[in-house]
Every structure is written in C-alpha cells, then in structure tokens.
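Undergrad: Next input, structure requested:
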Amino acid sequence: MKTIYKSLLLMGVCSSATVPSMAMTEEADSTHHQPLTETNVKLNEVVVTGLTGQQKLVTSASPISVVSPKQLESQPSTNIIDAISRQPGVSQITTGSGISKPVIRGMGYNRVVVVNDGIRQEGQQWGDEHGVEIDAASVHSVEILKGPASLMYGSDALAGVIVFNSAPVLPMGEMGANVMSGYQSNNGLFDYSLNFAGNKQGFVWNSRYSGKMAHAYKNRYDGYVYGSAYREQSFMQMLGWNHNGGHTHLTLDYYHLTPGIVEGERDEETGILEMPDGFNPKSYGRSLPFQQIHHYKAVLDNMWYVGEGNIKLLAAYQQNRRQEFEESRDECGLDLMLHTVNYDLHYTSPILGAWKIATGINGMWQESVNKGSEFLIPDYRLFDYGLFATATCSINKMNLSGGVRYDHRHLHGDALVEDNADMVERFNNFSRGFNGFSGSLGMAYELLPNLNFKANVSCGFRAPNISELASNGEHEGTQRYEIGNTALKPEQSCQLDLGLDYTSQIVSAQLSLFANRISNYIFSTRLVDSNGNHVITDGSDTYQFTSGDARLMGGEVYVDVHPLERLHIGNSFSYVNAVQLHQPSDAKYLPFTPAPRWLGDVRYEIMCDGRTFDHMYVKLAVDCNLRQNHYYAVGGTETSTPSYTLLNLYAGTDIKSHGRRIASVYASCENITNRAYQNHLSRLKYFDVNKATGRMGVFNMGRNFTVKVVVPISL
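TA: Model (predicted):
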C-alpha cells in the first residue's frame, strides 16, 4: 500500500483522500523507490470526492481532474488559481499577476464554486478584480469537477467546482513540520511558509503562517507595469479531537492581500506606462491606487459514525472586507463588508447491497454592507437552502450515479440615495426569489480491463448574483462602469458528458467531450449610443448585464506516453466553442471564452534512488495558445487575440541524508524566449492604446526565473 501511495504522489494523480501522512511518505522514500514512470498504479487507484462520499476516479461518471501535492509543490505560480490553470479545461481571468479567477470550460465568476476547508469560499467573486482569498501553501491537493455540480454544492456550480483539500491529519503519536520558500526574478516575488502539525492521543492540530511580496512585473513591450505589485499574509490554525465515534475539528483562517491597481495610463508621446516621480518599480511598498482585502473564516467540522454510515455537520462564518484606496493611503473610497454563515448537514449510508445513498441540506446566509463613500453594489441580504439526495450503484463492470436537488434563494437589495447636492438615487429597493431543480444521471463502464467508457447527463441552476442584478458603479481595476438588470432570470443548464479512459504499460490517455445548453446565460455588454460611440459614465466605458440562450461545446484530450521507464511525453489539448444562439455575427460568441490550448512536455528522470539525490528530473514544456477569433464584438467589448507559444524549462530533485529526505529543490525558467503576449482572458488587454506603437492594452509577464526550497522536519 505504501508503494501505491508513493507512485500516486509521483505520477501527480493523488488526491488528499489517498495521500499518506508525512511520516509514511518519508518512510516510503527511505525503503523503496518507485520511479515516476511506474505504470503498475493506474487511475483506478485514485480516490476522489463523489456524490456519496469517496470513490475511485475510474468509477466517477463526471469528469474530474486531480492535482497532487507534488505537482503543487513543484509548479511555480503567483497564486493558487495560477497554480492549477495548466490543467486541461481550466484557465484563469487575470488582472495582473496577483489576481486570478478560475474558469472551467469557458465559464467563470459565480459559475465556479470554490470549496476550501470543506465549505464554499465566499468573497467578492462576482467582480473582475476580485481573486480567491486562499493561501496557496495551505492547499494539499486539488480536485476539479467539470460540468454542473449543483447536486452537492447548490446554485453557482454551473461550470464546476474546485475543491482545495487541506493536509490529512497525521497518524497517532506523530508530529511534523516543514519550511518552504521561493523567489521569482521577474517581479521579485519572495514567499515563505512555516507549518507545524501533530496528533497526540487523538488531539490533532495543524498550524501554518505564510507571507508573500512582489514588486511590479515587467515585459518586453511595457517595461515595468506600475500597479502590479502586491503583498500577501495568511495564518491558519486547526485544532481538533479524533475519537472512535468520529471527529470534531475547528479551523481558523486569516488572509490579507494588498494588491496594486493597474490603470494602464501612458505618456502620449513615448507610450511608456506612467509612474509617479521618484517611484522605484522594484519597491515592495504600497503605491496608490491599491486594494486591501481581509478575509476571516472559522469552520467547525463534525462527523459521527452511525453504524457503517456517518452524519456530517459543517458550520462556518466568513467575513470578507474589500477596500480601495485611490487618493489617500489612509482613507478608502470603496469599502465592502460581507458576512457569510454556511451550513451543511448530510447523512451518508453504508453500502446497502450494491447501493450507497447520501442525503442532506446545505446553504448560506449573507449580509453585505457598504462602509465607504463609493459604491458598486447595494447593501443586500441573501438566504438560500438546498435539499438533495444522491445515490451510487455498482453492478458488475458498471457503476451508476445520480441524484436530484431543489434550491431556493431569496435576495433583498436596499435602496440608497447619495447624500450630495443632487440627491441621486444610486440603488433602488428590490427583492427577488429564485427556485430551481438540479439533477444528474451517469454511468462508468469497464469495456476492457484497461479501457473505461463514461457518460453523464446533468442539469444545473444558477441564480443571478448581486452585481448582475443591481450594480451601479465603476470598477477601478478594470475601467468599467457596470449597470445591473433586476429583471434577469436564473440560468438553467443541461449538459451531456462523454469520456474514455485508457491505461497500458506505455500509454495513458483520457478523452472528455461535452455539450452544454444554457438558457438565460448572463453576461455584460458595452453600451453604444445611436451614433455608435461608446457610452461614457464617470470617465469609464459603460457596460450593462443582459442575457440570452447559449450553447457551449468542446472537450479535453490528454495523452501521456512513457516508452522508457524514466521518460514521459505528455500532451493535452483543450477547446471550447461558446456561442449565443439566434444572434448576428458580432454578438454570436460569448465573452471570456479561452483560446484553444495545447500543452506539451517531455520529462526525463535523471537519477532515481541515489544516495544523496532522488527523483532528480528535468522537463521541457510548451504552452501554445492558438488565435482566438471567436469573441464578443458588440461595441468593441472584446477583440481577437493573436496566437502565442511559451517555452518553459523545469528541474528538481529531492536531497537525502541517511535514507531520508531532508529537502526538495526546484528551479525553472518560464517564457524562456521573453515573448511579449496577451492572454485572451487578461483584463489588462483592454486598457488604452499605446499611441507610440499602436498596441492596445498591457501585456503579460515576460521571462521569469524561479527557485523554490522545501525542508521537511521530523520531530
């Protein structure tokens, strides 16, 4: 079993449910080496979160990607979404290097639910310039569920769910610690993290403190990009009690991010991005304008065994506060305070013949308050609940899964009359109620010992968020003035997924295809007047939310060939075609659709089970984004994006002493050729035109060298 765990870690397909303790990993390191290319461990050994609890990946009818601890540890990134954005079918909407929003198969924002510490993360995910408030160092492994996943997670999981798993509790009587630190050359990013965990007679704990700071990044066309610096701090403390009847864990989290705001203003003659006089682009200090985000979270996780089944109760409180400082470092303009209470109660039955059943209720209560002098959304209160029942059944070589769910959400927005000379009514008083049913039915069938076929039909539901319904204000980070639409209807999705998985001694391959039909798909469009000119409000282009019927089709293919034990040749390709039905050519394609993407790499393990060095490897990777000609062109909302290819080089090794790992060292160079490029999902792409060169917007990061060191400490 230890050998299986070890191989899963190395292959990069292991979830937190299958990862052994720190001590077990070290013991496996010291007793037996499993090369990276070992093929005796296949996908059917990987355990993921299913509809009725943990299940093997091979029996899941829905497409799921897993990012292992080793992948997260070795992959250079600027935030946790950036770390997983290389997975097939996953991309990111970015505002500089510090803020990333996840996109699954062409859909993002509130269509993707992020789960951390067992509950859905609630911040300001409706906005372009609002990232995910999670410390990357605290994430042990990641599961990415693609397609409507509303059965377990409710409204908003229309595109899928990203589950960030915490590290498993250590075995009884053990303690462990680790220290990690890294540096990136392009933006001077320096990060560190300290961790201490243990289990003494059932009393368990896990403590982590992390910090990160980066100055402005640079590229070949723009030089240093003023406003792209950021700082991050986080603290996590888990305390709990494991006993024969179950467990009780309390997790406390604090996350603080201070990102700059890129405005893209340039000198008209030279085209150089403007910076204040005397400003040092390599400074780590705060420079106006900037944001300040504080996120507090407390999660109480209880589980009790009931015979062979179990009851789980989760209760959580989150407070998210986002402030924007434009003119003064001491006085903010925008100040949003969001309170969220999450609850989840569900029962999972024992295996009843071939069946296993789970049922429960979950939801949340929210209150958002404007505490500043500027406004984007009104004060609001939200309450929702969802009732669900799911089941799985195993019959010979076939595994069936499915379920139903009912959701109800009520949202009330308060009126606001601004206290100024004009007494302008910024927001109207309104109340909306939304109801929706979700369901899924799928199967996984073993055609041959190495070949599995999967099919799943699912229907999802998403209620409009507060920004889509009632926003009325300027987004500083994106230079957009957005107006909501209280008449919007909920989105309804119906999706078909088909898949094939194949593994052999030399080849591992996966094919996932999907077709998704969405009614009342909500998006924003740039407004133009009768003369075709952009409508300007408070100095920014004006956008308003609207909706239409949409169809998304595409899929992912992954092929890994390992003709030699130490050699891996990996390839993946992702494609999404997202159109709005019954529309003219300029409105045919949906906004924020990622370009077709090919990721390829060749990895060779130089040394295996050496006396001093172990798992020493080198990897050459290609990241090719094809030209995106499918864009939403109404009013110039989007433009086409040229193709580009990035060449990346990675290397790493474990260092051992007396048969135990004492450190891991990773080095990389991304964008080796220093290619100047713009990703189609970069929000900086649509800033002002550089009049000196004719190029529009700000470009992504240039060449970047990274080094990272991880030191485990046995106690």
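Undergrad: so where do the strands sit in the stretch 51-200 of the chain?
TA: 53-56, 64-67, 90-95, 99-104, 112-116, 119-120, 141-146, 160-165, 175-184, 190-200 (DSSP state E, counting those that start in this stretch).
Undergrad: Over to the stretch 201-350 of the chain?
TA: For the stretch 201-350 of the chain, the strands defined by DSSP E, counting those that start in this stretch cover 203-214, 218-219, 223-224, 230-243, 246-259, 290-306, 309-325, 334-348.
Undergrad: which of those sits most buried?
TA: The highest average neighbour count among the strands of the stretch 201-350 of the chain, using mean count of other Cβ atoms under 10 Å, belongs to strand 218-219 at a mean of 21. (Each C-beta comes from the backbone N, C-alpha and C, glycine too.)
Undergrad: Same list (the strands of the stretch 201-350 of the chain) but as a markdown table, adding distance to Ile655.
TA: Listed next are those as a markdown table, based on distance: least, Cβ to Cβ, whole Å:
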| stretch | distance to Ile655 |
| --- | --- |
| strand 203-214 | 23 |
| strand 218-219 | 32 |
| strand 223-224 | 35 |
| strand 230-243 | 27 |
| strand 246-259 | 32 |
| strand 290-306 | 36 |
| strand 309-325 | 39 |
| strand 334-348 | 42 |
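Undergrad: between those, which one is nearest to Asn625?
TA: strand 218-219 (15.7 Å; Cβ to Cβ).
Undergrad: List the pairing partners of that closest one within its sheet, with orientation.
TA: According to DSSP bridges, strand 218-219 has the following sheet partners: strand 223-224 (antiparallel).
Undergrad: Tyr481: which of the strands of the stretch 201-350 of the chain is closest?
TA: strand 334-348 (13.4 Å).
Undergrad: between the helix or strand that that closest one is followed by and strand 309-325, how many degrees?
TA: For strand 334-348, the succeeding helix or strand toward the C-terminus, using DSSP states H and E, is strand 355-370. Going by axes from the mean of the first three to the mean of the last three Cα atoms, to 10 degrees, strand 355-370 is angled at 20 degrees with respect to strand 309-325.
Undergrad: now strand 355-370 against strand 334-348, angle please.
TA: Using the same axes, to 10 degrees: strand 355-370 against strand 334-348 is 160 degrees.
Undergrad: Tell me the helices and strands packed up against the following helix or strand past strand 355-370.
TA: Counting by DSSP H and E, the element after strand 355-370 in chain order, helix or strand, is strand 380-395. For strand 380-395, the packing partners by 3 or more Cβ pairs under 8 Å, 6 or more residues apart in numbering; DSSP states H and E come out as helix 150-153, strand 355-370, strand 398-413, helix 466-470.
Undergrad: quick one on the thing from earlier: out of the strands of the stretch 201-350 of the chain, which is closest to Asn186?
TA: strand 218-219 (6.2 Å).
Undergrad: where's that closest one relative to the chain centroid, distance-wise?
TA: 25 Å (Cα atoms, centre = their mean, to the nearest Å).
Undergrad: hmm, back to that, got JSON lines for the helices and strands packed on strand 380-395, with mean pLDDT too?
TA: Below are the helices and strands packed on strand 380-395 laid out as JSON lines (pLDDT from 0 to 100):
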{"stretch": "helix 150-153", "mean pLDDT": "81"}
{"stretch": "strand 355-370", "mean pLDDT": "95"}
{"stretch": "strand 398-413", "mean pLDDT": "94"}
{"stretch": "helix 466-470", "mean pLDDT": "94"}
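Undergrad: Out of these, which is the most enclosed?
TA: Ranked by mean neighbours (mean count of other Cβ under 10 Å), the helices and strands packed on strand 380-395 are led by helix 150-153, with a mean of 26.
Undergrad: Helices of the stretch 1-150 of the chain, start to end?
TA: Applying DSSP state H, counting those that start in this stretch to the stretch 1-150 of the chain gives helices spanning 2-11, 22-31, 69-74, 80-84, 150-153.
Undergrad: got the contact list for the closest residue to Gln87 other than its chain neighbours?
TA: Spatial nearest neighbour of Gln87, chain neighbours left out: Ser65 (4.9 Å); criterion: Cβ to Cβ, 6 or more residues apart in numbering. By Cβ atoms under 8 Å, 6 or more residues apart in numbering, the contact set of Ser65 is 87-90, 143-144, 146.
Undergrad: what's the most distant pair in those residues?
TA: Pro88 and Glu143 (14.1 Å).
Undergrad: closest to Gln124 out of the strands of the stretch 201-350 of the chain?
TA: Comparing the strands of the stretch 201-350 of the chain by Cβ to Cβ, strand 309-325 comes nearest, at 5.4 Å.
Undergrad: May I see the buried residues of stretch 595-613?
TA: 595-599, 601, 603-605, 608 (16 or more other Cβ atoms under 10 Å).
Undergrad: Check stretch 640-650 too.
TA: Going by 16+ other Cβ under 10 Å, stretch 640-650 has these buried residues: 641, 644, 646, 648, 650.
Undergrad: cool, stretch 492-499 as well?
TA: Neighbour-count burial for stretch 492-499 [16+ other Cβ under 10 Å]: 492-493, 495, 497, 499.
Undergrad: Out of those residues, which comes closest to Glu446?
TA: Using Cβ to Cβ, those come closest to Glu446 at Gly499, 13.1 Å.
Undergrad: and stretch 494-512, how far apart are its ends?
TA: 16 Å (Cα to Cα, to the nearest Å).
Undergrad: same check, this time on stretch 218-231
TA: 17 Å.
Undergrad: Below-threshold pLDDT in the stretch 251-400 of the chain: ranges please.
TA: The stretch 251-400 of the chain contains no residues with pLDDT under 70.
Undergrad: Centre of the chain to stretch 471-484, how far?
TA: In terms of Cα atoms, centre = their mean, the centre of stretch 471-484 is found 23 Å from the chain centre.
Undergrad: So what touches that stretch?
TA: Contacts of stretch 471-484 (Cβ under 8 Å, 6+ apart): 95, 99, 127-129, 261-264, 289, 291, 324, 326, 334, 374-377, 426-427, 466-470, 524, 537-545, 683, 686-687.
Undergrad: Mark which of those residues are buried, thanks.
TA: Buried, going by 16+ other Cβ under 10 Å: 95, 99, 127-129, 261-264, 289, 291, 324, 334, 375-377, 427, 466-470, 524, 537, 540-543, 545, 683, 686-687, out of the contacts of stretch 471-484.
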